[in-house]
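S.K.: fold the following for me, if possible:
(one chain, ligands or ions: 1)
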Amino acid sequence: MKNSKAIKAAQGTDEGDIVLSVRDITVSLDDKLILDKLALDIKRGEILGFVGASGAGKSVLLRTILGLLHKQAGTIKLFGLDLDKASDIERLRIDMRLGVLFQHGALFSALTVQENVQVPMREYLDLPKKLMDELALLKIELVGLPPDAAQKFPSELSGGMIKRAALARALALDPDIVFLDEPTSGLDPISASEFDELVVKLRDTMDLTVYMVTHDLDTLFTACDRVAVLGNKKILVEGTIDDMLKSEEPWVKSYFRGKRARQLDLAARA
Ligand SMILES: Nc1ncnc2c1ncn2[C@@H]1O[C@H](COP(=O)(O)OP(=O)(O)OP(=O)(O)O)[C@@H](O)[C@H]1O
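M.R.: Below you'll find the predicted structure:
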C-alpha cells in the first residue's frame with residue numbers, strides 16, 4: 001500500500017468515500033450483450049486498475065460511465081448522485097469533476113499543447129485568456145513537461161510527452177477523479193514506469209481518485225491499489241495484487257501468474 005490516502009481508500013466503506021458506484025449495468029450494442037448486470041465501486045483516493053481480455057468491454061464500460069454510450073439497465077452514481085436523476089446543472093457540476101485521458105492521447109492535432117489543455121477550460125469556464133494561459137502552463141509543469149512544450153503541436157512530441165499533455169488536459173479543471181484509458185500503451189518501459197510514478201504522485205498530492213484501464217502488468221504491480229478484472233460481461237474478480245496472485249479463476253491465473261507476471265512479482269518483492 002502506497003500511502004495513508006491509499007490505506008484510507010482500502011479501509012473506507014462509508015458511502016461518502018465511494019466516488020463511483022456502478023450497479024447492475026447492462027449494455028447491449030448491435031443486439032450483442034456486452035455488459036450484464038455489472039457492479040463496481042471505486043473509493044476516494046484509490047488507484048483502480050481495470051483489466052480484462054481484449055474485447056471484454058472495458059472501453060464500453062468506461063464510455064457508459066461517461067454517458068457516451070446508452071445502458072439498457074442499471075445505475076451509475078458519481079459522488080453519490082444517480083446520473084439518471086441528476087438535473088442538467090448537477091450533471092454539469094459532475095462533469096467538471098471528471099478528467100478523461102482517452103486511448104492514444106486523443107489530442108487535437110491542429111491545437112498546441114497549451115490550447116489542448118485549455119479545451120475543457122473553454123468548455124466549462126469563462127476565464128480571461130491571460131489566466132487560462134497561466135493555468136495551462138501550471139498543468140503542463142505539473143505533468144513534468146518543459147514550459148516550451150506549451151507552444152508545440154502534438155506531431156512535435158514524443159509518445160511519452162503526448163500522454164503527459166493528454167494528462168495535463170485531463171487535469172485542466174482540477175478533477176476529483178480521472179479516467180485513464182490505457183495510458184501507458186505504446187510507451188517504452190522507462191517512459192511507462194515514469195508515467196506510473198507521475199500518476200501515483202498526482203494521486204498523493206491532488207487527492208485524486210484514478211480509474212485506469214490497462215493491460216500493463218508493470219502498472220498493475222507498481223501503481224494500482226486495487227484491481228478489477230472484467231470477463232464474461234461482469235467483474236470476475238476484484239482485490240489487491242495479492243488477491244489476483246491467489247485467484248484460481250483461469251483467466252486471472254494465466255494473466256497474473258504467467259511467466260512475465262511472475263518475474264514482475266519477484267522484482268516487486270525483492
Ligand atoms: N459502438 C459500438 N458498436 C457496436 N459494438 C461495439 C461498439 N463499441 C464496442 N463494441 C463491441 O463491444 C465489445 C467490447 O469492446 P471494447 O472496446 O469495450 O473492448 P475492450 O475490453 O476495451 O478491448 P481492448 O482491450 O482491445 O481495448 C467488442 O465486441 C466490440 O466489438
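S.K.: for the top helix by length along the chain, give the mean pLDDT please.
M.R.: What stands out as the longest helix in the chain, according to DSSP state H, is helix 189-206. The pLDDT scores in helix 189-206 average 90.
S.K.: which elements pack onto it?
M.R.: helix 4-11, strand 47-52, helix 159-170, strand 209-213, helix 217-222 (3 or more Cβ pairs under 8 Å, 6 or more residues apart in numbering; DSSP states H and E). C-beta coordinates here come from the backbone N, C-alpha and C atoms, glycine included.
S.K.: what residues sit buried inside it?
M.R.: Across helix 189-206, burial judged by 16 or more other Cβ atoms under 10 Å covers 191-196, 198-200, 202-203.
S.K.: same check, this time on stretch 141-158
M.R.: Quick answer for stretch 141-158 (16+ other Cβ under 10 Å): 142-145, 149-150, 152, 154, 157.
S.K.: nearest to residue 170 among those residues?
M.R.: Nearest to residue 170 among the buried residues of stretch 141-158, counting by Cβ to Cβ, is residue 143 at 9.3 Å.
S.K.: what about the closest one, distance to residue 117?
M.R.: Distance, residue 143 to residue 117, using Cβ to Cβ, to the nearest Å: 9 Å.
S.K.: swap in residue 19?
M.R.: 23 Å.
S.K.: burial check on residue 230, number of neighbours?
M.R.: Residue 230 has 24 neighbouring residues, counting by other Cβ atoms under 10 Å.
S.K.: confidence score at the nearest residue to it once chain neighbours are set aside?
M.R.: Excluding the flanking residues, the one nearest residue 230 by Cβ to Cβ, 6 or more residues apart in numbering is residue 52, at 3.3 Å. Residue 52 carries a pLDDT value of 92.
S.K.: quick check: residues of the protein near the ligand?
M.R.: Residues of the chain lying near the ligand by Cβ under 6 Å from any ligand atom: 29-30, 34, 52, 54-60.
S.K.: now those residues as CSV including neighbour count and secondary structure?
M.R.: Output for the residues of the chain next to the ligand, formatted as CSV (neighbours: other Cβ atoms under 10 Å; DSSP: H, G, I helix; E, B strand; the rest coil):
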residue, neighbour count, secondary structure
29, 12, strand
30, 5, coil
34, 20, strand
52, 21, strand
54, 6, coil
55, 9, coil
56, 21, coil
57, 23, coil
58, 22, helix
59, 17, helix
60, 19, helix
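S.K.: what's the closest of those to residue 70?
M.R.: Nearest to residue 70 among the residues of the chain next to the ligand: residue 29, at 9.1 Å, using Cβ to Cβ.
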